[in-house]
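Colleague: pasting the sequence and the predicted model now:
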Amino acid sequence: MKTTLILFIILIINVFNIHAQTKKLGVRNNPSLEEEVKYGPEVNYPDSIFIVNLPDVPIIYFKTKEEWTQYYKYKSRIVKVLPYVKIAKQLHAELVAEKENSKKRQYKKYRKDVEKEMRAKFEKELKNLTQGQGEMLFKLINRETGNNSYNLIKDIKGGFQAGILQLLAKRWGYNLKDKYDPNQEKMIELIIKELGPAYNVKS
């Protein structure tokens, strides 16, 4: 039931290592070991200097086992729901643009067509999300759209539908009015920073 609620909410709001390569530099034919390691004024240095820029790598360190457990749990959830977050953000932008540029009846038909298409593509997958994965999905959608789920639903479906879904969500432990606060979600922010370009949800 919880994942069905997640699916429905997502559908109506949009539905939704370091890679290092070593290269050998050319040297004189058959150099002796002594010549290879010799440094001094008599050594002929090359005119060019090779410069390699390596990406910054966040160093993950926690003091307690509980923090490590939370880190691995959150990272697994983020990686799992990330494709849906990308789709949700893209569709949210498309729906907002359609709503602004279309008549009410045209927008309503467009929204229904989007819901039907997304349900056909992702309903089975989304129903298999765990409660923790569903909660992470809500948080990341809120993070990337800059709004909470309640307001997203209200903007698209109206206040009445948003109120009904808020009551249902509370029954299953969710509050659609919760806002994403990066200061309170430091573990999520750390993992997103660690993922780097892999976490790219720009529409």
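Modeller: Cool, the structure landed. Just so it is clear, the model here is predicted, and its values are computed rather than measured.

Colleague: pLDDT averaged over stretch 93-109 - what is it?
Modeller: Computed over stretch 93-109, the mean pLDDT rounds to 85.

Colleague: could you do stretch 140-151 as well?
Modeller: On average, stretch 140-151 scores 86.

Colleague: quick check: buried residues in the longest helix anywhere in the chain?
Modeller: Across the chain, the longest stretch assigned as helix under DSSP state H is helix 65-101. Buried positions in helix 65-101, judged by neighbour count with 16 or more other Cβ atoms under 10 Å: 71, 74-75, 77-78, 81-82, 84-92, 95, 99. Yep, even glycine has a C-beta here, placed from its N, CA and C like the rest.

Colleague: after it, next one along is what?
Modeller: Next helix or strand after helix 65-101 toward the C-terminus (DSSP states H and E): helix 104-127.

Colleague: and that following helix with helix 65-101, angle?
Modeller: 160 degrees (axes from the mean of the first three to the mean of the last three Cα atoms, to 10 degrees).

Colleague: scan the helices and strands of this structure for the one with the lowest mean pLDDT.
Modeller: Lowest on mean pLDDT, DSSP states H and E among the helices and strands of the chain sits helix 33-36, with a mean of 44.

Colleague: thought Thr145 was touching Lys89?
Modeller: Yes - counting by Cβ atoms under 8 Å, Lys89 is a contact partner of Thr145 at 6.4 Å.

Colleague: where does the protein have low pLDDT?
Modeller: Residues of the chain meeting the criterion pLDDT under 70: 1-50, 52-58, 202-203.

Colleague: again, 50 this time
Modeller: Low-confidence segments of the chain (pLDDT under 50): 1-5, 8, 12-40.

Colleague: let me see the contact set for Gly146.
Modeller: Listed by Cβ atoms under 8 Å, 6 or more residues apart in numbering, the contact set of Gly146 is empty.

Colleague: what about it, distance to Thr64?
Modeller: Counting by Cβ to Cβ, to the nearest Å, the gap from Gly146 to Thr64 is 33 Å.

Colleague: same check on His92?
Modeller: From His92 to Thr64 the distance is 37 Å (Cβ to Cβ).

Colleague: which SS state does Ile60 fall under?
Modeller: coil (DSSP: H, G, I helix; E, B strand; the rest coil).

Colleague: I'd say it and Glu194 touch.
Modeller: Yes - under the contact definition of Cβ under 8 Å, Ile60 touches Glu194, with a separation of 6.6 Å.
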